[in-house]
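Asks: Sequence isn't available, so here's the structure alone:
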């Protein structure tokens, strides 16, 4: 049914969902960052497989780009600034077990919704079949998990990690739907990601040094 | 259409100014700002040259059509550079006063001016980019350039505002990226190579893109860029960021940044108007909700800057509604209102800067009864009345055009909400102006609250007099108010550019 390459891409895509789940549900920010790093490396591998499968050797450039930005720079920033704040995530809005169930539910619902309605959102015939179908379903699932974490987590560093997850979801969609996108756009996107994460973490450590907490809900000095 | 380096100069000059400002800052922090101001003057000249070219009937391109400027781009570039220059000149003395007040240090001034120049550079780039994904990159870059300006005072409140600003805008813009990628992926089969990313090329094949993709992508783009533009319900960052930034930065954020974001929305969404009228109707609805809720929220604010920020949200509603109604009149009204609101709201925020300079607060309850400068009062009232839509000021003409467009489209409910919101805006801002500048109470001995500025009293507050504003700050306010009055009294002077700008959106919409 699937060619070996397609199968590899699909298996790796599912592994992405697993790393997203671990990133969201781990309450230890260091472990959460490691799960994120694992996801970034998986993205690089998926991209490399695409580069061979299509074949589109320009995608190897993407691999290097993703490896440098998401595999090295963002994890480094998370580690560097993570040391300056509390390692344990601020108490989330939803406690551990209910959150686990909700996250699993979201994974199943969003994967199923996207996978079964793929014809509705497929932009062109060129990407109509597998492995694009599974890939996009995974991308939407990762995006939604990130959004879920962003909405339910009070910790500002966790919110940044959630934003990283959302970006990974969108970038996975980008590489599976638009592998021919020019390098300039790709470099621009990657640069934006790194700078935004750096600035967010820089500001959060400022907040931590002033308030002694990274609980975004405790801030709320600004109302109305 | 011809290649022109003007488009490159438009954003490379302020970028170079920022670099020079940052590099020389270590050695001459006391002179910080001069290089940025020179850069902004040159950039304004470039924008004026672009306007001259497009008025002569040309469209400009550069970098293999990656950059493109028609009348609308040139008008946006003009808005960015005028307000940018005004803000830089105003900041020169304003920030030095902040240093004296202990809010910041001289060593940080070069950083401030370099960041403002970078901010201007990114916004100027945004107005001339023709590349769908680069538009995303640049709109995000405007957020990144301004985030450290929002947190410049490094207080808990400003840090919170900066965090909210960055995280909300980054999340929104990530969704916009998904939208642009969907459009690109759908356009690839019809446009070879890199052309599928070019907005001007996308126009030609807009009919071939599947309707599902158009709706999903446009929805995502509206959420993404709309977050940056302060459209309700994605506006949560805006009042915080505006109120916590240094006042000149608030002027830039409210006057220009949100306009650049809505310009990006209009550039993309209008491509699909001919095939999908539902998109336009949805925009009218979003505009109506934004304008009404924005002004209701403005009413309950005590901090003048937060009030003005919510008023900006409300005014963005007018611009969105005009783009939604579409057609020549609708586009004309929106584009005109973008120009007017950019001038007026930046003036109002600079007035809050003047109030902070003289009274040290922007809380209306604390300003009430204190003596204020005549010039600040005049500028505030002219701008407030104009934003409120009082004829014959410039804000009236643009709002009136949007009313007419809605009436022509027989969108009577939209006309009703727009007129009602306009009256509320007038009441809200004039009430604030009355409380700040005209209100008298017993504690202040019933003196006429508007006092003439007495230059000899600089540095003293209270009954004797008020600190006088430095000439550079006063001049900026006078020039902005003069421009606003001029545009109201003689709308015909800007008509040729607005006419072409509206037509360029219309041509985009019909694929011309």
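Replies: Right, received. Where do you want to start? Please read these numbers as outputs of a predicted model, since none were measured by experiment.

Asks: Check the secondary structure at residue B:233 for me.
Replies: Three-state call for residue B:233 (DSSP: H, G, I helix; E, B strand; the rest coil): coil.

Asks: Tell me the confidence at it?
Replies: Each residue has a pLDDT score; the one for residue B:233 is 90.

Asks: what's the neighbour count on residue A:128?
Replies: As a burial measure, residue A:128 scores 12 neighbours (other CB atoms under 10 Å in any protein chain shown). (C-beta placed from N, C-alpha, C; glycine too.)

Asks: Help me confirm that it comes into contact with residue A:122.
Replies: Yes - contact status for residue A:128 versus residue A:122: in contact at 5.3 Å, counting by CB atoms under 8 Å.

Asks: Which stretches in the stretch 1-150 of chain B count as helices?
Replies: For the stretch 1-150 of chain B, the helices defined by DSSP state H, counting those that start in this stretch cover B:6-25, B:34-55, B:71-100, B:109-128, B:132-150.

Asks: Then chain A?
Replies: Counting by DSSP state H, one finds helices in chain A at the ranges A:4-25, A:29-53, A:59-66, A:74-82, A:96-116, A:118-121, A:132-152, A:156-177, A:183-211, A:216-219.

Asks: Chain A is nearest to which of the helices of the stretch 1-150 of chain B?
Replies: helix B:132-150 (3.5 Å; CB to the nearest CB).

Asks: orientation of the very next helix or strand once past the closest one relative to helix A:132-152 in degrees?
Replies: Next along the chain after helix B:132-150, taking DSSP states H and E as the criterion, comes helix B:156-187. Orientation note: helix B:156-187 sits at an angle of 160 degrees relative to helix A:132-152 (axes from the mean of the first three to the mean of the last three CA atoms, to 10 degrees).

Asks: and for residue A:128 and residue A:122, which residues touch both?
Replies: Common contacts of residue A:128 and residue A:122 (CB atoms under 8 Å, 6 or more residues apart in numbering or on different chains): none found.

Asks: quick one, what contacts the closest residue in space to residue A:60 that isn't next to it in sequence?
Replies: Using CB to CB, 6 or more residues apart in numbering or on different chains and skipping the chain neighbours, the partner closest in space to residue A:60 is residue A:51 (5.1 Å). Applying CB under 8 Å, 6+ apart to residue A:51 gives the contacts A:57-60, A:62-63.

Asks: residues contacting the residue most central in space within chain A?
Replies: Geometric centre of chain A, nearest residue: residue A:165, 2.1 Å, by CA atoms, centre = their mean. Contacts for residue A:165 were tallied using CB under 8 Å, 6+ apart; they are A:20, A:23-24, A:36, A:39, A:142-143, A:145-146, A:149.

Asks: which two in those residues are spaced the farthest apart?
Replies: A:36 and A:143 (14.5 Å; CB to CB).

Asks: Confirm for me that residue B:176 is in contact with residue B:137.
Replies: No - contact status for residue B:176 versus residue B:137: not in contact, 10.6 Å apart, counting by CB under 8 Å.

Asks: in chain A, which ranges drop under the pLDDT threshold?
Replies: A:1, A:219-224 (pLDDT under 70).

Asks: Give me the contacts around stretch A:9-27.
Replies: A:2, A:31-32, A:35-36, A:38-39, A:42-43, A:45-46, A:49-50, A:53, A:88-89, A:92, A:96, A:99-100, A:103-104, A:107, A:111, A:130-131, A:134-135, A:138, A:141-142, A:145-146, A:148-149, A:161-162, A:165, A:168, A:172.

Asks: Apply 6 Å and report the result again.
Replies: Stretch A:9-27 is contacted from outside by A:32, A:35-36, A:38-39, A:42, A:45-46, A:49, A:89, A:100, A:103, A:107, A:131, A:134-135, A:138, A:141-142, A:145, A:149, A:165, using CB atoms under 6 Å, 6 or more residues apart in numbering or on different chains.

Asks: Would you reformat the contacts of residue A:165 as JSON lines and include distance to residue B:397?
Replies: Shown next, in JSON lines, are the contacts of residue A:165 (distance: CB to CB, whole Å):
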{"residue": "A:20", "distance to residue B:397": "52"}
{"residue": "A:23", "distance to residue B:397": "53"}
{"residue": "A:24", "distance to residue B:397": "52"}
{"residue": "A:36", "distance to residue B:397": "53"}
{"residue": "A:39", "distance to residue B:397": "54"}
{"residue": "A:142", "distance to residue B:397": "49"}
{"residue": "A:143", "distance to residue B:397": "44"}
{"residue": "A:145", "distance to residue B:397": "49"}
{"residue": "A:146", "distance to residue B:397": "45"}
{"residue": "A:149", "distance to residue B:397": "48"}
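
Asks: out of the residues you listed, which is most surrounded?
Replies: residue A:142 (32 neighbours).

Asks: which residues does that one contact?
Replies: For residue A:142, the contact set (CB under 6 Å, 6+ apart) comprises A:20, A:165, A:168-169.

Asks: try 10 Å
Replies: Residue A:142 makes contact with A:13, A:16-17, A:19-21, A:23-24, A:39, A:43, A:107, A:110-111, A:165-173, according to CB atoms under 10 Å, 6 or more residues apart in numbering or on different chains.

Asks: Now do the same contact list for the closest residue to residue A:53 other than its chain neighbours.
Replies: Spatial nearest neighbour of residue A:53, chain neighbours left out: residue A:5 (4.3 Å); criterion: CB to CB, 6+ apart. Neighbour list for residue A:5: A:49-50, A:52-54, A:131 [criterion: CB under 10 Å, 6+ apart].

Asks: Dump those residues to JSON lines, plus neighbour count and distance to residue B:242.
Replies: Shown next, in JSON lines, are the contacts of residue A:5 (neighbours: other CB atoms under 10 Å in any protein chain shown; distance: CB to CB, whole Å):
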{"residue": "A:49", "neighbour count": "18", "distance to residue B:242": "47"}
{"residue": "A:50", "neighbour count": "23", "distance to residue B:242": "44"}
{"residue": "A:52", "neighbour count": "13", "distance to residue B:242": "50"}
{"residue": "A:53", "neighbour count": "16", "distance to residue B:242": "49"}
{"residue": "A:54", "neighbour count": "13", "distance to residue B:242": "47"}
{"residue": "A:131", "neighbour count": "25", "distance to residue B:242": "46"}
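
Asks: In the stretch 251-400 of chain B, what residue lies closest to chain A?
Replies: For the stretch 251-400 of chain B, CB to the nearest CB, closest residue to chain A: residue B:301, 6.1 Å.

Asks: quick one: what helix or strand has that residue in it?
Replies: Per DSSP H and E, there is no helix or strand for residue B:301.

Asks: wait, it sits on residue B:432?
Replies: Yes - counting by CB atoms under 10 Å, residue B:301 does reach residue B:432; the two are 8.8 Å apart.

Asks: For the two, list the residues in contact with both.
Replies: Contact criterion CB under 10 Å, 6+ apart; residues shared by residue B:301 and residue B:432: B:307-308, B:311, B:364.

Asks: if we take these, which one ends up nearest to residue B:98?
Replies: Using CB to CB, the shared contacts of residue B:301 and residue B:432 come closest to residue B:98 at residue B:308, 19.5 Å.

Asks: so which strand or helix has that closest one?
Replies: Going by DSSP H and E, residue B:308 is in helix B:304-325.

Asks: what's the following helix or strand after that helix?
Replies: Using DSSP H and E, the helix or strand that follows helix B:304-325 in sequence is helix B:327-359.

Asks: Tell me the buried residues in that next one?
Replies: Neighbour-count burial for helix B:327-359 flags B:327, B:329-359 (criterion: 16 or more other CB atoms under 10 Å in any protein chain shown).

Asks: now swap in stretch A:30-37 and tell me
Replies: A:32-37.

Asks: Tell me who's in contact with residue B:252.
Replies: Residue B:252 neighbours (CB under 10 Å, 6+ apart): B:80, B:83-84, B:86-88, B:91, B:116, B:119-120, B:123, B:142, B:146, B:149, B:245-246, B:342, B:346, B:349.

Asks: Swap in 8 Å and give it another go.
Replies: B:83-84, B:87, B:116, B:119-120, B:146, B:346.

Asks: if I look at it, how far off is residue B:495?
Replies: Computed as CB to CB, to the nearest Å, the residue B:252 to residue B:495 distance reads 27 Å.

Asks: Thank you, goodbye.
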